[in-house]
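# Dropping the sequence and predicted coords here.
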Amino acid sequence: MYAVIETGGKQYRVAKGDVLRVERLASDLGAVVDIDEVRLVASNGDVVIGTPNVDGALVKAKVVDIGRGAKLIAFKKKRRKGYRRRIGHRQQFTALQIEEIVMPAGPKPEPKAKKAASTPKPAEVAEPAEAGAATAKAKPAAKKKVAKKKAAAKKKTTKAASASDEKKVVKKVAKKKTTKKKTTKKDVADADD
């Protein structure tokens, strides 16, 4: 049997006898804490999921330890500026030992809904299997024809466009190579000297 609880803005998967560290709670050492924010409860294959909490579910835990965690250092520096800051932080925590997980009372609606939904499925599957053979053959054939036409059309247009572009490029290059430099009076005078 396990449950998913939320405390301190975080979610934890817990079972009976587990010891976990959570954010600091306002309770004394040895006190029993009731956590009613239970998101999910599972027992013997039956899973009850809350929206957001499971109604009537409760997790009872005993406060085992209260303390501060290891020091975390935040170091900031900007190079070549002489700026350095060192800040330490120790997060407070409460250690809880899970004593009991209380399931919601009354009938469980989710497992019944799953059984009811699973019963008509075999009947629905059997009917389309008989009549579905003709539709299954027709649909893939239509999809194949459409896919081939689109692919063939794209290939032809890309080859034709690239071939015509290459011809234009070749013609332009040829024209540029055949142009001659015009001679001016200055060039003729320089050539005489």
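Yes, it's here. Numbers count the residues shown, from 1 in each chain.
# what's the closest non-adjacent residue to Leu96?
The shortest distance from Leu96 to any non-neighbouring residue, by Cβ to Cβ, 6 or more residues apart in numbering, is to Ala61 (4.0 Å). (C-beta placed from N, C-alpha, C; glycine too.)
# Buried ones in the helix or strand hosting that neighbour, by neighbour count?
If you go by DSSP states H and E, Ala61 is part of strand 58-68. Neighbour-count burial for strand 58-68 flags 58-59, 61-63 (criterion: 16 or more other Cβ atoms under 10 Å).
# Which residues does that strand contact?
3, 5, 14, 19, 24-25, 27-36, 38, 90-102 (Cβ atoms under 8 Å, 6 or more residues apart in numbering).
# and Lys77, which of the three is it?
Three-state call for Lys77 (DSSP: H, G, I helix; E, B strand; the rest coil): strand.
# low-confidence ranges in this protein?
106-181, 188, 191-193 (pLDDT under 70).
# quick revisit: tell me the buried residues within the contacts of strand 58-68.
Applying a neighbour-count criterion of 16+ other Cβ under 10 Å, the buried members of the contacts of strand 58-68 are 3, 5, 14, 25, 33, 35, 38, 93-96, 98, 101.
# taking the residues you listed one by one, which sit in helices?
If you go by DSSP state H, those have nothing in helices.
# Look up the residues forming beta bridges with Ala15.
Tyr2 (DSSP bridges).
# should've said Ile49
For Ile49, the beta-bridge partners are Leu40 (DSSP bridges).
# how close does it sit to Ala57?
Computed as Cβ to Cβ, to the nearest Å, the Ile49 to Ala57 distance reads 11 Å.
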